[in-house]
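Novice: Sequence first, predicted coordinates after that:
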Amino acid sequence: AQSVAQPEDQVNVAEGNPLTVKCTYSVSGNPYLFWYVQYPNRGLQFLLKYITGDNLVKGSYGFEAEFNKSQTSFHLKKPSALVSDSALYFCAVRDRNGGYQKVTFGIGTKLQVIP
Amino acid sequence: DGGITQSPKYLFRKEGQNVTLSCEQNLNHDAMYWYRQDPGQGLRLIYYSQIVNDFQKGDIAEGYSVSREKKESFPLTVTSAQKNPTAFYLCASGRLVAGVGANEQFFGPGTRLTVL
């Protein structure tokens, strides 16, 4: 079985400071990993994904994430937070060995950027 | 919300009624998905479909039904058998990948269902 953990319900950061939203995963094989963002009463928007290769993945809106196989983590980062980054962030995983492309989502982390 | 439409945006249902949520995509994606979102529980998969006229149950299919008569459309019916249907429902689509690789999902704007 595959699973995702987002250990923080909420992350608060001051505008202009770096931000990190944490994600750890569990799969039987090698993972595909994703980050999505959700604004209030909206659907999810794709930010970035890790498939293979470079452990540092760059995505939309200045976000990046670092894949760490030994720690089974895929933390989302941004060097300088904006108030408009305030939203709900979801990490997701798919087992590379899965026949059907089922994706498991974490419960989400609310990011609050304080002006 | 990238080529996926869901309607209606808000839906109110009386207990004992069936209701159907619409999902349409113009992205030419083969795969379509229905998720339910509840506070503090993330997204849970209800049903998915990888091809027309075929669909599979997800983790919480009880009390729900779907059809996939056209590639573009994947409606979800919430039946009276669903004990706690009040939730935010999200439809998504994605390209299927053969072999190595993984594609992201594109989400609709969601339908908020409230049972009165």
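Specialist: Cool, got the structure.

Novice: those strands in the chain, which residues are they?
Specialist: Reading this off chain A. All strands of chain A, identified by DSSP state E, fall at A:3-5, A:10-14, A:19-21, A:24-26, A:31-38, A:44-50, A:56-58, A:64-68, A:73-78, A:87-95, A:104-105, A:109-114.

Novice: wrong chain, I was asking about chain B
Specialist: For chain B, applying DSSP E gives strands covering B:4-7, B:10-13, B:19-25, B:31-38, B:42-51, B:54-57, B:64-66, B:76-78, B:87-94, B:106-107, B:111-115.

Novice: could I get those as JSON lines with mean neighbour count, mean pLDDT and distance to chain A?
Specialist: Where you see a C-beta, it was placed from the backbone N, CA and C, and this is true even at glycine. Listed next are the strands of chain B as JSON lines, based on neighbours: other Cβ atoms under 10 Å in any protein chain shown; pLDDT from 0 to 100; distance: least, Cβ to the nearest Cβ, whole Å:
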{"stretch": "strand B:4-7", "mean neighbour count": "18", "mean pLDDT": "96", "distance to chain A": "8"}
{"stretch": "strand B:10-13", "mean neighbour count": "14", "mean pLDDT": "92", "distance to chain A": "10"}
{"stretch": "strand B:19-25", "mean neighbour count": "19", "mean pLDDT": "97", "distance to chain A": "11"}
{"stretch": "strand B:31-38", "mean neighbour count": "23", "mean pLDDT": "94", "distance to chain A": "7"}
{"stretch": "strand B:42-51", "mean neighbour count": "20", "mean pLDDT": "92", "distance to chain A": "4"}
{"stretch": "strand B:54-57", "mean neighbour count": "14", "mean pLDDT": "93", "distance to chain A": "7"}
{"stretch": "strand B:64-66", "mean neighbour count": "20", "mean pLDDT": "97", "distance to chain A": "16"}
{"stretch": "strand B:76-78", "mean neighbour count": "21", "mean pLDDT": "97", "distance to chain A": "15"}
{"stretch": "strand B:87-94", "mean neighbour count": "24", "mean pLDDT": "95", "distance to chain A": "6"}
{"stretch": "strand B:106-107", "mean neighbour count": "24", "mean pLDDT": "94", "distance to chain A": "3"}
{"stretch": "strand B:111-115", "mean neighbour count": "18", "mean pLDDT": "94", "distance to chain A": "7"}
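
Novice: picking up where we left off before, just name the most buried of the strands of chain A.
Specialist: Greatest average neighbour count among the strands of chain A goes to strand A:31-38 (a mean of 25), per mean count of other Cβ atoms under 10 Å in any protein chain shown.
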